[in-house]
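In: Sequence unavailable; structure follows:
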């Protein structure tokens, strides 16, 4: 499952909060805490190009001490954006 933040810019604010709570110098600094995510993928999450997986959001919440229930998120299926992309691609042909 993927987590979609209900507020625009919410995913970036969440990652900024995690960086602040962990006293990490930057986004790249989060990788020193043992998360199994590539830096380029982390940048895509920060720029809100991709939705974050539920497990990663839970891991960030656990390590940073953030209450998961206080986040304004909804769960969406793994193929959530693929359906829309397929419909858009058909129209361009």
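Out: Looks like it came in fine. Because the structure is predicted, anything quoted here is derived from the model rather than measured.
In: close enough to count as contact, residue 7 and residue 72?
Out: Yes - counting by C-beta atoms under 8 Å, residue 7 sits close enough to residue 72 to count as a contact (6.0 Å). Just so you know, the C-beta spots here come from the backbone N, C-alpha and C atoms, and that holds for glycine as well.
In: list the residues that contact both of these two?
Out: Both residue 7 and residue 72 lack any common contact, where contact means C-beta atoms under 8 Å, 6 or more residues apart in numbering.
In: Please report the distance of residue 77 from residue 70.
Out: 24 Å (C-beta to C-beta, to the nearest Å).
In: mind listing what the residue minimising distance to the centre of the chain touches?
Out: Residue closest to the average C-alpha location in the chain (C-alpha atoms, centre = their mean): residue 52, at 3.2 Å. Taking C-beta under 8 Å, 6+ apart, we find residue 52 in contact with 2-3, 11, 45.
In: try residue 73
Out: 3-6, 10, 57.
In: neighbour-wise, which of those leads?
Out: residue 57 (24 neighbours; other C-beta atoms under 10 Å).
In: In a helix, that one, correct?
Out: Yes - Residue 57: assigned to a helix according to DSSP: H, G, I helix; E, B strand; the rest coil.
In: Now do the helices in this structure.
Out: 10-21, 39-46, 54-64, 80-92 (DSSP state H).
In: Out of the ones you listed, point me to the one whose mean pLDDT is lowest.
Out: Ranked by mean pLDDT, the helices of the chain bottom out at helix 80-92, with a mean of 64.
In: the more surrounded of residue 77 and residue 70?
Out: Comparing residue 77 with residue 70 by other C-beta under 10 Å, the one with more neighbours is residue 77, at 10 against 7.
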